[in-house]
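Participant: what's the 3D shape of this:
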Amino acid sequence: MPVLILKNVQNEGPGTIEDYLRDNGIGYLIVDCTSVDIPDASDFDTLVMMGGPMSVNETENYPYLQKEFDLAAAFMKSGKKVLGVCLGAQIMARALGARVYVGAEPEIGWYDIELVDAGLTDTAMKQVALQPRTGDFCKRFKVFHWHGETFDIPEGAERLAKSDLYPNQAFRYGKHSYAFQFHLEVTEDMIYDWLRNEAIDKDSLKIDTERYYEEYAERALIFYKAFFK
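Facilitator: Here you go, the predicted model:
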């Protein structure tokens, strides 16, 4: 199986990532790290790490995080493909020796990110910025956020994107490893499920999701085609 997907909490699964892999006949294994040991990964050529509400600094409460640090480091250093989403991105940063810490304030909902210089030239990152219907390139565009921590860009990595609240929204390490602070993988059901008990304006969230989600899912698909090829 070429793709190993690690979940850090039961309700934060791979969403549209799994849809893409299944629809394109790409083998994958999903492992819930809260209940199952991470298997030997030598037969996998791609590692995907999902989000979760915990901090990467809480290894005493979540000992499996250390296994993810080690696995992410091994994949990245060997040049294998890695995709980290939210907590997964923070795991990648920590695995490469960078600091992960609480941000100025939580970033929850639909907010813009903006590609920086390296993001404007990165082949896969540029796919997220393409307007699916017209093919127009957008340097700044909406993504879905749900996080309160952030990371420094690791040594040897390239920063790809920023937002108004968080200067480090994405980085690439080597040629094939991508860390996204935002949630590219969400389905509409996942968004409503996650935020059901959050103290946010649900009506505004619904309006924004109806406005942005369809195009966002198409942007994600374009990125997956570039990343998993």
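
Participant: please report the distance of the closest residue to residue 82 other than its chain neighbours from residue 157.
Facilitator: Using CB to CB, 6 or more residues apart in numbering and skipping the chain neighbours, the partner closest in space to residue 82 is residue 177 (4.0 Å). C-beta: built from backbone N, CA, C; applies to glycine. Taking CB to CB, to the nearest Å as the measure, residue 177 falls 8 Å from residue 157.

Participant: which strand or helix spans residue 102?
Facilitator: Assigned by DSSP states H and E, residue 102 belongs to strand 100-115.

Participant: what comes up buried for the longest helix belonging to the chain?
Facilitator: Secondary structure assigned by DSSP state H gives helix 202-228 as the longest helix of the chain. Neighbour-count burial for helix 202-228 flags 205, 208-209, 212-213, 216-217, 219-224, 227-228 (criterion: 16 or more other CB atoms under 10 Å).

Participant: quick one: residues contacting the residue most central in space within the chain.
Facilitator: By CA atoms, centre = their mean, the chain has its centre lying nearest to residue 85, at 1.8 Å. By CB atoms under 8 Å, 6 or more residues apart in numbering, the residues touching residue 85 are 48-51, 180, 182-185.

Participant: can you tell me which of those residues is nearest residue 134?
Facilitator: Distance to residue 134, by CB to CB, is smallest for residue 184 among the contacts of residue 85, at 20.2 Å.

Participant: which ones are touching the closest residue to that closest one other than its chain neighbours?
Facilitator: Closest residue in space to residue 184, ignoring its immediate chain neighbours: residue 220 at 4.9 Å, by CB to CB, 6+ apart. Residue 220 makes contacts with 16, 20, 128, 184-185, as judged by CB under 8 Å, 6+ apart.

Participant: and residue 220, what's its pLDDT?
Facilitator: If you check residue 220, the pLDDT there is 96.

Participant: look up how far residue 165 lies from it.
Facilitator: Between residue 220 and residue 165 the computed distance is 22 Å (CB to CB).

Participant: next, residue 191: secondary structure please.
Facilitator: helix (DSSP: H, G, I helix; E, B strand; the rest coil).

Participant: tell me the contacts of the closest residue to it other than its chain neighbours?
Facilitator: Distances taken as CB to CB, 6+ apart put residue 209 closest to residue 191, at 5.7 Å, once the chain neighbours are dropped. Residues in contact with residue 209 (CB under 8 Å, 6+ apart) are 110, 188, 191-192.
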